[in-house]
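# I would like to see how this sequence folds:
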Amino acid sequence: MRLILLGPPGAGKGTQAGRLVERHGIVQLSTGDMLRAAVAAGTPIGLKAKDIMAAGGLVPDEVVIGIISDRIDQDDAAQGFILDGFPRTVPQAEALDRLLKDKGFDLDAVVELKVNEGALLDRVETRVAEMRARGEEPRADDNAEALAKRLSAYRAQTEPLVDYYSEKRKLLTVDGMMTIDEVTREIGRVLEAVRAADAKKGTKASRAKRTVKTGAKKAATKAKGSKAASKAKAPKKVAAKPAAKSGAKSDSAKKASAKKPSAKKSSGKQTVGKKASGKATVA
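Next up is the predicted model:
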């Protein structure tokens, strides 16, 4: 399963990511952790990031994408991953889409933890007050003023991703104001619905494929049978006998001709006339 968790600072993304990792056997990918790991490992992209950070610059998107590419190729990410803290902008989301497409992957879902910003500010103020009451000093950035700045940056840069992934039909919105356990159960429910829909879609595609193959096979068999039947019904050709030569007589014709009587002989003798009524004159 490949997921992205969206939500403003303080929405509880880190807590829910940890529970998803445990439940699904996938890895949590934090851009900060990946950058530090790449630098420590001395990878080519890690060394490039190290030089940029040493110069006080911001690591460009293409470097972060390169680090993510190397990370998801590792064996422990084979079952899937959760991206935490990335993408933060629409251009980063587009770059991530291209990366996953090149690797033949696709996102299963983008889970948005929707919260009330006013409630978040109240939470952080309460937490800071409780820490100080216990004699603990909160972090310098763990206060209402710092949170207000981070929330403003989230609205400007990251919130447009809600519309981006909604248009791609990947967005699942969960009420982040519920208790931690309730949020966990709701995330599990919506992800299970996605899995069921994907399985149903895969079954339909498989059935359609089998139907096409069966239809093609039947058509081929029918065509073969029609061809054989047509061949069986066709009349056999009889070779024509050569015609007898003009003017030539057959043996039977010759025999018939030989048996015919010859024509009467021409009258070479004088015809003796009838006796005259008188006596014949004696010369």
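# just the helices in this structure please.
According to DSSP state H, the chain carries its helices in the segments 13-24, 31-41, 44-54, 61-72, 90-102, 117-133, 144-153, 160-167, 180-233, 251-259.
# now the fourth one against helix 90-102, angle please.
Pointing back at helix 61-72 there. Angular relation of helix 61-72 and helix 90-102 on a 0 to 180 degree scale: 40 degrees, by axes from the mean of the first three to the mean of the last three C-alpha atoms, to 10 degrees.
# do you know which of the helices of the chain lies nearest residue 80?
Distances from residue 80 to each of the helices of the chain were compared using C-beta to C-beta; the shortest belongs to helix 13-24, at 6.6 Å. C-beta here means a position set from N, CA and C on the backbone, and glycine is covered the same way.
# Tell me the buried residues in the closest one?
Of the residues in helix 13-24, those buried by neighbour count under the rule 16 or more other C-beta atoms under 10 Å are 13, 16, 17, 20, 24.
# same question, stretch 103-113
Going by 16+ other C-beta under 10 Å, stretch 103-113 has these buried residues: 107, 108, 109, 110, 111, 112, 113.
# could those go into CSV alongside distance to residue 124?
Formatted as CSV, the entries for those read as follows, by distance: C-beta to C-beta, whole Å:
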residue, distance to residue 124
107, 31
108, 32
109, 28
110, 25
111, 22
112, 20
113, 16
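# Among the residues you listed, which ones are in strands?
109, 110, 111, 112, 113 (DSSP state E).
# Between the buried residues of helix 13-24, which sits nearest residue 163?
Of all those, residue 13 has the smallest distance to residue 163: 19.0 Å, by C-beta to C-beta.
# That closest one and residue 195, how far apart?
Distance, residue 13 to residue 195, by C-beta to C-beta, to the nearest Å: 21 Å.
# Residue 155 too?
Relative to residue 195, and taking C-beta to C-beta, residue 155 is found at 32 Å.
# which one of the buried residues of helix 13-24 is nearest residue 46?
Minimum separation from residue 46 among the buried residues of helix 13-24 (C-beta to C-beta) is found for residue 17, which lies at 23.1 Å.
# Tell me where the model's unsure across the protein.
Under the criterion of pLDDT under 70, the regions of the chain flagged as low confidence span 202-283.
# Mind doing that once more with 50?
Judged by pLDDT under 50, the chain has its weakly predicted residues at 238, 243-250, 252-283.
# contact partners of stretch 121-131?
Here stretch 121-131 makes contact (C-beta atoms under 8 Å, 6 or more residues apart in numbering) with 10, 137, 138, 142, 143, 144, 147, 148.
# what's the farthest-apart pair in those residues?
Comparing every pair within the contacts of stretch 121-131 by C-beta to C-beta identifies 137 and 148 as the most remote, at 20.5 Å.
# Please identify which of those two sits among more neighbours.
Per other C-beta atoms under 10 Å, whichever of residue 137 and residue 148 has more neighbours is residue 148, with 14 against 9.
# Please name the nearest non-neighbouring residue to that one.
residue 121 (6.7 Å; C-beta to C-beta, 6 or more residues apart in numbering).
# Top of the contacts of stretch 121-131 by number of neighbours, please.
Neighbours here are counted as other C-beta under 10 Å. On that basis the top member of those is residue 10, with 22 neighbours.
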